[in-house]
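In: need a 3D model of the sequence below.
(3 chains)
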Amino acid sequence: MAAAFSSHLPALQVVLALLAAPLCVVLRRPGAAWMIATVITWALLAIAMVLLGRVLETGTITYALGSWPAPWGIEYRIDLANAFVLVLVTLIGSVVMPYARASIPAEIEEPRIYLFYCMYLLNLAGLLGIAITGDVFNLFVFLEISSLSSYVMISLSRDRRALVAAYRYLIMGTIGATFYIIGVGMMYQVTGTLNMVDLATLIPNLTDNRTVMVALAFLCVGLSLKLALFPLHLWLPNAYAYAPSAVSAFLASTGTKVAVYALARILFTVFGGSVLIDDFGLQELLVVLAVAAMIGGSAVAIYQSNVKRLLAYSSIAQIGYMILGLSMASVIGMTAGLVHLFNHALMKGGLFMVMGCVFFRLSSVQVEDMEGLAKRMPLTMAAFVAGGFGLIGMPLTAGFISKWHLIQAALEKGWWGAVAVILVSSLLAVIYIWRVVEAAYFKPPPKGAAEISEAPLSMLVPMWVMIGMSYYFGIDATLTLDITTGAAETLLGGIQ
Amino acid sequence: MGFMAVIGFAVARLRNLFAVVMLTGLFSLTAAVLYVILDAVDVAFTEAAVGAGISTVLMLGTLALTSSEERVEKSGGSKWALVLVVVTGCVLVYGTLDMPPFGDPTAAIHHHVAPYYLEKSGQEIGLPNVVTSVLASYRGYDTLGEVFVIFTAAIGVLLIIGRPQFGRRRSHRMLVGELHESMRTNVILRVGSKLLIPVILLFALYVQWHGDFGPGGGFQAGVIFASGFILYALIFDIDTARTMIPARTTRLFLVFGVLLYTGVGVAGLFLGGNFLDYSVLAANPVSGQHLGILLVEFGVGLTVAAAMISIFFTFAHQEH
Amino acid sequence: MELIGLINYWIVIVLMMTGFYIVIAHDNLVKKIVGLNIFQVSVFVFYITMAKVKGGTAPILAEGITTYSNPLPHVLILTAIVVGVATTALGLALVVRIRDAYGTIEDDDFENQDGEP
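Out: Below is the predicted model of the structure:
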């Protein structure tokens, strides 16, 4: 039985989540729904790790859905690049779910909680479906599953600003998806296929084709909206700031990362990466936008008094780092970008969980309200400092690993300006992290502040696990670097 | 298509939102006619039911719950928008320059992948409607995803505007309150719809099962079925309509449909094929295909019908 | 001669841009969703236009017919239509809630009430 299932793991990676979502609807009890969500996420993590192991050993895995071979049917294609993403997404989910047990009831009304977990599972299924697929239209379908469920999850907060944030995200996200579909349509029109590998073989003959160029533009813009690349990032700050904390923690660590992966997949696997170097300045454009994001995002973060919003702007800057790495189209550059994808997910996830703990006790995430918090919630604030170090890029943190490699990659290409930007934005990060640290550690608590204690254990433990992992992978990064280097090589190598 | 362009401009300029919504419905309907001309009969069917039907109803519902006039806009932002739109349009036009001309039979898309479906689906699946073969079998996984999208929307709407206490019969001023009085007393509407509704429901069933041979299938059937109920609710009594299909039942069907579809896929796993392989479901692969398609289309119809009904009732139960 | 064959596509592009403009230029939440719909429907028309083969018929296998229009875009658009209506439903649900919470559905009014950018 086990052997029979094991060859179907690619399908189960997504199907299990899809099956669990309606089950939550039927069960109606928040506790049971949480249990299902947690257990399934852990199972999916196990599957993802097995798949990663297999890819490391034997190379790319393919799976034909419906047993129809590609390009007539839809196929799943797992190589190092997406196996790595699958593990990331399920890992984040596995840590956030135990955390959610206490966090969610504090932020969402009880009768809706079981449906929330249904949405979460759908979101998870969508993200995994995007990462694992080898068909560009199938990607769209699962992109929309993940997007729609995101809009809903964000809107569930009691703060009414979440509603507007969710609406704006819906509008921008749908425009992005529609652009993506336009790109797919144009690609289909000149090639006749929707399968990524198939497209990759047909495109080199079409590099002069104007339809192909425009298609690439639309695909990139569509995905850039989803990954919040400057200047298409406008939906992100409010969406992450006002969403329920567990939702922010999960989405901030997964949603945009999967979109970055999708962009890399389209640019490198489908369009064969040479597009970046050869044609119409795409590389320059990406670098400019990445740099703008890095400086702009960090700078704006400094002025935020809502700490979640601060972290959101920080995310925009960090996404800039990832795109900078990708745009280099070199092995080291891409490795840096991909490893930062992983590292940032851990750090930001941890930091949003910190804010969830803060909100749990204070019902606020404003910097002013957090004054003197370090005395009353020492473990929570220590986690903030630890995560903050990661964002800045101090040695021993995962953030350091990413930045170090990014700088090395930039030096290798002779991009001195980029090195300067990386250093400047790290300094800016010091400033915005310091704002929060100063308030929590060096200011007295506000007058008449209520007596509060630490956050509950069920929230502290996952939070520290997340932060702890970011240090583990900062001290011993061999695993992450090996995998991401392999992934970078796979992406750059095109189709073998 | 020129007609559609005119409608599009009118929508942009008009401020009365009711008019805007009706025009959008008209836009969809015109698109549906266009699809028929372009040989896309299944799509036309679905666009008419979904685009002109459901979307319009929901928009009208939203307007009734909010406001029906758009405020006068300030001009500043519109300039930027115009520039952006014109630039995007020009880029698109640039992209069309290398496209194969309209209707060209030598275009790439007619010679790669697609011909396989036209040539082989007859033997491999044995259904005349090639669109159904592709939708439900060759690319059945996309359709599974799509059913989950509808599922997500239904649950999402419940989460966003639903009242968590289901099953409690509350009488509140319904969204359709004012419409009710006039419609309830209108004899023609009452008698007409009493005759029409069973026909609609039957038609839905026909479309569901006939989709293999002609245009039709799960989606269209589900939407038509739902519209039968919605019609009843609009003209008669929404509370009575609700008792016919209480929230719990709708939810059950919603869940059952997706589980059925996924279940068929999993069954394929147990019987030796890949996920969603229907050929292994019966002794003869072609019969297996037929069985698989029948079941999944039914699952689609169930979930779509339940979703549409659920969404409509959730909107309708809002207090005015 | 070739340009004539492209005119259809150009009209579709005009439609798309009309919808796109409505979404980004107007502030009323419902109108934005209407614009989104028009944008999406136009994209669908584009796909279906692509699928047509001169002299072909609907892709339902029948005796004696050899030329069919391409079924694949039809399948894709069927999916896309459903995705579109799902998005519309969720968007409208959000509009209703926003109206309840803020009393208005014009986009730039929200900041005034909340006092934040």
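In: the residue in chain C positioned nearest to chain A: how many residues sit nearby?
Out: Relative to chain A, the nearest point of chain C is C:Ala101 (4.0 Å; CB to the nearest CB). C-beta: built from backbone N, CA, C; applies to glycine. The number of residues packed near C:Ala101 is 16, by other CB atoms under 10 Å in any protein chain shown.
In: looking at the helix or strand hosting it now, give me its mean pLDDT.
Out: Secondary structure from DSSP states H and E places C:Ala101 in helix C:71-102. Mean pLDDT, helix C:71-102: 89.
In: report whether it contacts chain B.
Out: Yes: Helix C:71-102 is in contact with chain B by CB under 8 Å from any CB of the partner chain, via C:71-79, C:81-90, C:92-97, C:99.
In: measure A:Val437 to chain B for me?
Out: Distance of A:Val437 to chain B, given as CB to the nearest CB, to the nearest Å: 37 Å.
In: and the stretch 1-150 of chain A, which residues reach chain B?
Out: Counting by CB under 8 Å from any CB, the stretch 1-150 of chain A sits next to chain B at A:4-5, A:8, A:11-12, A:15, A:18-19, A:21-22, A:25-26, A:63-68, A:71-74, A:109, A:111-112, A:115-116, A:118-119, A:122, A:125, A:129, A:137-138, A:141-142, A:144-145, A:148-149.
In: so where is chain A shaky, pLDDT-wise?
Out: A:1-4, A:273-281, A:448, A:494-496 (pLDDT under 70).
In: quick one on the thing from earlier: and the helix holding C:Ala101, what's buried?
Out: C:71-99, C:101-102 (16 or more other CB atoms under 10 Å in any protein chain shown).
In: which element, helix or strand, includes the spatially closest residue to A:His344 that is not a sequence neighbour?
Out: Spatial nearest neighbour of A:His344, excluding adjacent residues (CB to CB, 6 or more residues apart in numbering or on different chains): A:Gln318 at 4.8 Å. Per DSSP H and E: A:Gln318 is located in helix A:307-327.
In: and the following helix or strand past that helix, what does it pack against?
Out: On the C-terminal side of helix A:307-327, the nearest following helix or strand under DSSP H and E is helix A:331-362. The contact analysis (3 or more CB pairs under 8 Å, 6 or more residues apart in numbering or on different chains; DSSP states H and E) places helix A:331-362 against helix A:80-107, helix A:245-264, helix A:307-327, helix A:373-376, helix A:378-392, helix A:398-413, helix A:457-475, helix A:478-493.
In: and the contacts of stretch B:147-154?
Out: A:18, A:21-22, A:119, A:122, A:125, A:141, A:144-145, A:148-149, A:152, B:254, B:257-258, B:261, B:299-300, B:303-304, B:306-307, B:310-311, C:82-83, C:85-87, C:89-90 (CB atoms under 8 Å, 6 or more residues apart in numbering or on different chains).
In: cool, and stretch B:219-229?
Out: B:42, B:45-46, B:49-50, B:53-54, B:197, B:200-201, B:203-205, B:207-208, B:211, B:241, B:244-245, B:300-309, B:312, C:78, C:82.
In: filter the contacts of stretch B:147-154 down to the ones in strands?
Out: Cross-referencing the contacts of stretch B:147-154 against strands under DSSP state E gives no overlap.
In: got the phi and psi for A:Arg77?
Out: Backbone geometry at A:Arg77, expressed as degrees, to the nearest 10, gives phi -140, psi 120.
In: from chain B, how far out is A:Ile40?
Out: For A:Ile40, the distance to chain B - CB to the nearest CB - is 14 Å.
In: just the element for that residue, please.
Out: Counting by DSSP H and E, A:Ile40 is found in helix A:30-58.
In: can you tell me which residues contact the residue nearest to A:His344?
Out: A:297, A:340, A:344, A:348, A:391.
In: nearest residue to residue 6 in space, ignoring adjacent ones along the chain?
Out: Using chain A. Closest to A:Ser6 by CB to CB, 6+ apart is A:Val50, at 7.8 Å.
In: actually, chain C is the one I wanted.
Out: B:Thr96 (5.2 Å).
In: and the one you found, how many neighbours?
Out: B:Thr96 - counted by other CB under 10 Å - has 23 other residues nearby.
In: my read is that it contacts A:Asn209, right?
Out: No: using CB atoms under 8 Å, B:Thr96 is not in contact with A:Asn209, being 11.5 Å away.
In: identify the contacts common to the two.
Out: Common neighbours of B:Thr96 and A:Asn209 (CB under 8 Å, 6+ apart) do not exist.
In: who's in contact with the residue positioned nearest the centre of chain C?
Out: Centroid check for chain C by CA atoms, centre = their mean gives C:Gln40 as the closest residue, at 1.2 Å. Neighbour list for C:Gln40: A:174, A:178, C:19, C:80, C:84 [criterion: CB under 8 Å, 6+ apart].
In: so what's it scoring on pLDDT?
Out: Value listed for C:Gln40 in the pLDDT field: 91.
In: the one 5 residues further on too?
Out: Per-residue confidence for C:Val45 comes out at a pLDDT of 88.
In: am I right that it falls within a helix?
Out: Yes: judged by DSSP: H, G, I helix; E, B strand; the rest coil, C:Val45 forms part of a helix.
In: just give me the neighbour total for it.
Out: 27.
In: ok, B:Ala81 next?
Out: 16.
In: what about it, which helix or strand?
Out: Short version, using DSSP H and E: B:Ala81 is in helix B:76-96.
In: touching that helix from outside, list them.
Out: For helix B:76-96, using CB under 8 Å, 6+ apart, the contacting residues are A:182, A:186, A:210-211, A:213-215, A:217, C:6, C:9-10, C:13-14, C:16-17, C:20-21, C:24-25, C:27.
In: among these, which ones are in helices?
Out: A:182, A:186, A:210-211, A:213-215, A:217, C:6, C:9-10, C:13-14, C:16-17, C:20-21, C:24-25 (DSSP state H).
In: ok, C:Val23 touching C:Val30?
Out: No: applying CB under 8 Å, one finds C:Val23 not in contact with C:Val30, separated by 11.6 Å.
In: got a list of what residue 252 touches?
Out: No chain was given, so I picked chain A. A:240, A:311-312, A:315, A:348-349, A:352.
In: oops, I was thinking of chain B
Out: A:26, B:306.
In: that one in helix, strand or coil?
Out: Applying three-state DSSP: B:Leu252 is helix.
In: what distance do you get for the residue in the stretch 151-300 of chain A that chain C sits nearest to to A:Leu148?
Out: As assessed by CB to the nearest CB, chain C sits closest to A:Arg160 within the stretch 151-300 of chain A, at 4.0 Å. Per CB to CB, to the nearest Å, A:Arg160 is found 21 Å from A:Leu148.
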